[in-house]
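Mind folding the following:
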Amino acid sequence: MSAQEFIRLTAVTKVYGQGQSAFRALKGIDLSITQGEFVAVMGPSGSGKSTIMNILGCLDTPTTGSYAFQDVAVEKLHRNERALLRRHVLGFIFQGFNLLARTTALENVELPLVYRGLPAKERQEAARIALQQVGLEGWERHTPAELSGGQQQRVAIARAMVTTPMVLLADEPTGNLDTRTSQEIMDLIASFNQERGITVVMVTHEPEIAAYAQRIIRFVDGRVDSDFRHSEAS
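Okay, the predicted model is just below:
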């Protein structure tokens, strides 16, 4: 693995179930991602794109094959070790926001730092800064019910970014948003990639959202059907 290439999947398969009911979600995926890339993952329902995101996010492990992250064989890590990788290296953004309904924006953003065991004063300050960075200064004490969909997604992005992750995994981050708000959210995600060098891997079914990425990987029937970099168009 090269100095910059820090994610590599080699001959990765994923099978759910056994015998005649077994479903092969992934059928031998070879894929590498370079540090600082912005990658969009596309494909029809059931193509394997969510499964690959779960593996990249250490939420699942391959049935066969290997997943190397900075030369660490992730599939050989124990569950607690994978949890540490999620906690310290990865940030997650979900379509459904996944905010705690009865807690404030500040408390939602603090949550990953609670798991890290940071003192209250330190994590509250970090959460305030993260909310400022996504344009939500002054909204710290509002609950999700008091926020628009776009504001809720900004809280979710602040929660993902408060740990200063190396990799941001975004699963349909604009799926529940209108066009204008989607553009605002994507501009924000793109800025983290361009200004901070954070690697972004994003699942989307929308071509206009995928266009923000430098590279588009399309999955079909559990395989990589195409892998396109914008620079290849010239």
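
what's Ala11 in contact with, if anything?
Contacts for Ala11 (C-beta atoms under 8 Å, 6 or more residues apart in numbering) come out as 28-30, 64-66. From N, CA and C alone the C-beta is placed, and that goes for glycine too.

Got a quick ChimeraX command for the buried subset of those?
To isolate the buried ones among these in ChimeraX, judged by 16 or more other C-beta atoms under 10 Å, type:
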select :29,65
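
Quickly name whichever of the contacts of Ala11 is closest to Ala170.
The closest of the contacts of Ala11 to Ala170 turns out to be Ile29 (C-beta to C-beta; 19.3 Å).

strand partners of the helix or strand hosting the closest one, parallel vs antiparallel please.
Assigned by DSSP states H and E, Ile29 belongs to strand 23-34. With DSSP bridges as the test, strand 23-34 is paired with strand 5-16 (antiparallel).

Over the partner strand, what's the mean pLDDT, rounded is fine.
The average pLDDT for strand 5-16 rounds to 93.

before we move on, back to that, tell me which residues of the strand holding Ile29 are tucked away?
Of the residues in strand 23-34, 25-26, 29, 31, 33 count as buried by neighbour count, 16+ other C-beta under 10 Å.

same check, this time on stretch 126-137
Within stretch 126-137, the residues that count as buried by 16+ other C-beta under 10 Å are 126-128, 130-131, 133-134, 136.

The spatially closest residue to Asp225 that is not a sequence neighbour - how many residues pack around it?
Using C-beta to C-beta, 6 or more residues apart in numbering and skipping the chain neighbours, the partner closest in space to Asp225 is Arg218 (4.8 Å). A count of nearby residues for Arg218, using other C-beta atoms under 10 Å, gives 18.
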